[in-house]
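Visitor: Fold the following and give me the result.
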Amino acid sequence: MIKKKNLSKEDSEVWQSYIKDPTDVYDKDLREKSDNRKERFKFDLHGYTLDEANKKVKEIVISCSKNKYREILLITGKGLHSTSGADTYVSSDLSKLRYSVPEFISSDDELKNFIISIEEAEKKDGGDGAILIKLKNL
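Guide: Next up is the predicted model:
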């Protein structure tokens, strides 16, 4: 920041009055500290069928929202070991949980009320084998 060398008296007064009571500045650090929500719920969906996973995800989202969690980390896996290829009536792409779970959530009207966003987890949290769901503060 470059400081102004010759600050006018008016500018100085305006600045001094502002720093006494900065009402229009949102203090995100204060907001986050005062929010007594739990940070993250983690659940592994390995071994679940598509139907079982969808039911479990719905149960988890509703429960975590009631229990004041900020986000949910769902471990879906990458689908590399999926046995859906053995069933000719199941699409090998859409049957994998990593694709179907976000689709299920975004198509369920009840779940949409609880969720801010659904995104791929960071690499340290599982990368493309995990989904991070951010929950609304209800």
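
Visitor: Can you find the helix or strand in the chain with the smallest mean pLDDT?
Guide: One helix or strand of the chain scores below all others by mean pLDDT, DSSP states H and E: helix 28-34, with a mean of 56.

Visitor: Do a quick rundown of the strands in this structure.
Guide: Under the criterion DSSP state E, the chain carries strands at the ranges 38-44, 69-75, 115-120, 130-135.

Visitor: So for E59, which of those strands sits nearest?
Guide: strand 38-44 (9.9 Å; Cβ to Cβ). Placement of C-beta: from N, CA and C, glycine included.

Visitor: Give me the contacts around that closest one.
Guide: When contacts are defined by Cβ atoms under 8 Å, 6 or more residues apart in numbering, strand 38-44 is touched by residues K56, I60, C64, N67, K68, Y69, R70, E71, I72, L73, L74, I75.

Visitor: Counting neighbours, what do you get for the first one?
Guide: Per other Cβ atoms under 10 Å, the neighbour tally for K56 reads 15.
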